[in-house]
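Engineer: Test case, fold it:
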Amino acid sequence: MSGSSAGSTHSLHSQGLANDLLNPQCQPLPPRSCKKPATWTVEEEAALLNFLYSHLGQVADGNFKKTTWNATAAYMAQNFPPTGSAGNKTSEACEHKFKMLKKSYYAVSDLKLVASGFAYSDIDGAMIMLESTDLWKQYTKSHKEAKPFHNVGFPHFEGVECRKGL
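Structural biologist: Numbers count the residues shown, from 1 in each chain. Presented below is the predicted three-dimensional model:
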């Protein structure tokens, strides 16, 4: 019999998660809560970098320890109390922000050293004019981290440059 499930070991019922509200053993799925992402000011980013620089002795295998990230979050909460719209600067948020700042630093460093045809400024970024737009598009295809610095600088470049240990 073609198309029959006779003798088949597979069920014709759908597979995967099911929430049968009529079954007393199945509880409704709890609503998912989403944390507000942390937003950072330039001042808060500078404070994060300064705090981490003062704790360089706590680096192990090239990374800060979890206790350092917890202390960083406590420091940020004490000195920059969370507001309703900014989200909490948890240890994970601090670590993520630090990684993003490092990426930005290396992108700008490459832009300053390698990218010919761009006049980079820590205030104005790569200062891309209409005549260099195609060159910028070509550059950012292979250097995606540089894209945000089209016409915006990286205010922490000098501070990170002085503290190469970060």
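
Engineer: Show me which positions of the longest helix seen in the chain end up buried.
Structural biologist: In the chain, with assignment by DSSP state H, the single longest helix is helix 91-113. Buried residues in helix 91-113, counting neighbours by 16 or more other C-beta atoms under 10 Å, are found at 91, 93-95, 97-98, 101, 104-105, 107-108, 111-112. Any C-beta I mention is one placed from the backbone N, CA and C, and that applies to glycine too.

Engineer: do the same with stretch 125-134
Structural biologist: Neighbour-count burial for stretch 125-134 [16+ other C-beta under 10 Å]: 125-126, 128.

Engineer: Stretch 152-165 now?
Structural biologist: Buried residues in stretch 152-165 (16+ other C-beta under 10 Å): 153-154, 156-157, 159-160.

Engineer: coming back round to it: who does the longest helix of the chain touch, helix- and strand-wise?
Structural biologist: If contacts are counted by 3 or more C-beta pairs under 8 Å, 6 or more residues apart in numbering; DSSP states H and E, helix 91-113 sits against helix 42-53, helix 66-79, helix 157-162.

Engineer: Kindly recompute the last result at 10 Å.
Structural biologist: Helix 91-113 sits against helix 42-53, strand 63-64, helix 66-79, helix 133-142, helix 157-162, with contacts defined as 3 or more C-beta pairs under 10 Å, 6 or more residues apart in numbering; DSSP states H and E.
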